[in-house]
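J.: got a predicted model here, sequence first, then my questions.
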Amino acid sequence: MTDTPIKKVWIEEGCISCKLCEDIAPQVFEVPDDEDCFIKPDAAVHFQPLDEDIVQAADDCPVEVILVERDD
Ligand code: SF4
C-alpha cells in the first residue's frame, strides 16, 4: 500500500537550526541563521514531488521536530 499524499508539514519547538532539512529540501524548509526553521509559504506545491525528501528530513532531524500529516 502506498502512502497517501502529504497534507501538512510543520515544525515543533526545539529546532537547533542545523539546516539539515534545508539541505535536503530547500523548496520546503528554510532555516535563517541562528533562527528556528520554518516551512516556506508556498511549500505545499512541493509536498507531492518532494514527498521522499520531506520524510527523509523528518527522519533525519536530530531533534525530531519536523512533523508530517498525510491525508486520511
Ligand atoms: S533538521 Fe530539525 S533541527 Fe535541523 S534545522 Fe531542520 S527542523 Fe531544525
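T.: In hand now; what should we look at?

J.: helices or strands up against the longest helix seen in the chain?
T.: For the chain, the helix with the greatest residue count under DSSP state H is helix 51-60. Under the contact definition 3 or more Cβ pairs under 8 Å, 6 or more residues apart in numbering; DSSP states H and E, helix 51-60 sits against strand 6-11, helix 20-24, strand 66-70. Glycine gets a C-beta too; all of them are placed from N, C-alpha and C.

J.: buried residues in that helix?
T.: 51, 53, 54, 55, 57, 58 (16 or more other Cβ atoms under 10 Å).

J.: need the residues that contact it.
T.: Contacts to helix 51-60, defined as Cβ atoms under 8 Å, 6 or more residues apart in numbering, come from residues 3, 5-6, 9, 20-21, 24-25, 28-29, 47, 64, 66-68.

J.: among those, the buried ones, what's the ChimeraX command?
T.: Buried members of the contacts of helix 51-60, defined by 16+ other Cβ under 10 Å, are picked up in ChimeraX with:
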select :6,9,20,21,24,25,28,29,47,66,68
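
J.: distance check, the residue most central in space within the chain against residue 41.
T.: Centroid check for the chain by Cα atoms, centre = their mean gives residue 54 as the closest residue, at 4.9 Å. Look at residue 54 and residue 41: by Cβ to Cβ, to the nearest Å, they are 16 Å apart.

J.: and this protein, which residues reach the ligand?
T.: The chain has residues 11, 15-21, 29, 31, 37, 61-63, 65-66 near the ligand, with proximity defined as Cβ under 6 Å from any ligand atom.

J.: I appreciate the help and will end here.
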